[in-house]
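Novice: Everything below, folded, please.
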Amino acid sequence: MPAIEQLMAKLGVRFHDTGLLISALTHRSYVHEHYESLIPPNERLEFLGDSVLNFLTARYLYLRHPELGEGQLTALRAALVRTATLARFARAIDLGAYLQLGKGEEHSGGRERDGLLADAFEALLAAIYLDQGMDAAERVLLPLLEQEHARIAAQGLYIDDKSRLQERVQSERNLTPRYRTISVSGPDHQRTFTVEVYAGSEKLGEGVGHSKQAAAQAAARAALTYLDQLRANQEQGA
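Specialist: Numbers count the residues shown, from 1 in each chain. Just a heads-up that it's a prediction; the model follows:
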């Protein structure tokens, strides 16, 4: 692993507590193989970083787009904080090179896995926030957000399946879709999630993916197909 001083230089952040940074870079697979290590894995930081990320992204979009309504802002934020986007952020700063991984995770390509990189990026944001405050976290995140926002706007990519389903269900049924993870299987480095989506008590669809977000998107796609078929049947019976 390259010296963390290199990463701090890239980020423009000099940590007071480098233990926070090391923890953000430490995957649970490393801790499992190094029982003597006192460094906690990055899962708790990831939990906090998710909230930091969502707040900063929401504030950025709120100020950047006074013309957009809640639904459009929600869709755009979803595109900016999804796993694939966060993995791009992580690669932009070469975060994978600094991670502490177990041998199994290392050999299975963990340094390039989108889900692992996205989690580490969220943990890194939390570490910066705890050590330096929200302004410092924003200084690191903002250039990445602006670049991704420009890419999304240019290609019209921000309306994802979950956002389309939410708009449709709210419009047609005055309800908000609800997602539920019903199973998680497979080894830590290659988990498979199954997610169901409901409108009220009615199940609209089910999806499978290697992250909760991917499974939820698959469930939303299935739900949109189901609603299209439902509408077609109703029109035929009219």
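Novice: Tell me where the model's unsure across this protein.
Specialist: Residue ranges of the chain with pLDDT under 70: 1-2, 71, 156-159, 237-238.
Novice: pull the longest helix from it.
Specialist: Across the chain, the helix with the greatest residue count (assigned by DSSP state H) is helix 212-237.
Novice: Enumerate the positions of it that are buried.
Specialist: Using 16 or more other Cβ atoms under 10 Å as the test for burial, helix 212-237 gives 212-224, 226-227. No exception for glycine: its C-beta is placed from N, CA and C like everyone else's.
Novice: Please identify which helix or strand holds the closest residue to Asp188 other than its chain neighbours.
Specialist: In space, and not counting its chain neighbours, Asp188 is closest to Ser29: 6.5 Å by Cβ to Cβ, 6 or more residues apart in numbering. Secondary structure assignment for Ser29, by DSSP states H and E: helix 28-33.
Novice: mind listing the helices for the chain?
Specialist: Remark: helices assigned in the chain by DSSP H are 4-11, 18-24, 28-33, 43-64, 70-81, 83-92, 103-107, 114-132, 134-155, 161-173, 212-237.
Novice: residues making contact with the second one?
Specialist: Helix 18-24 is contacted by residues 4, 7-8, 15, 39-42, 45, 100, 120, 123-124, 126-127, 130-131 when judged by Cβ atoms under 8 Å, 6 or more residues apart in numbering.
Novice: Kindly report the same for the third one.
Specialist: By Cβ under 8 Å, 6+ apart, the list of residues contacting helix 28-33 from outside reads 37, 39-43, 100-105, 110, 188-189.
Novice: cutoff 10 Å now
Specialist: For helix 28-33, the external contacting residues (Cβ atoms under 10 Å, 6 or more residues apart in numbering) are 23, 37-43, 99-106, 108, 110, 116, 119, 188-189.
Novice: now do the fifth one
Specialist: Residues from elsewhere that reach helix 70-81 (Cβ under 10 Å, 6+ apart): 50, 53-54, 56-58, 60-62, 64-65, 68, 85-86, 89, 118, 122, 141, 144-145, 148-149, 151-153, 157-164, 166-167, 170-171, 213, 217.
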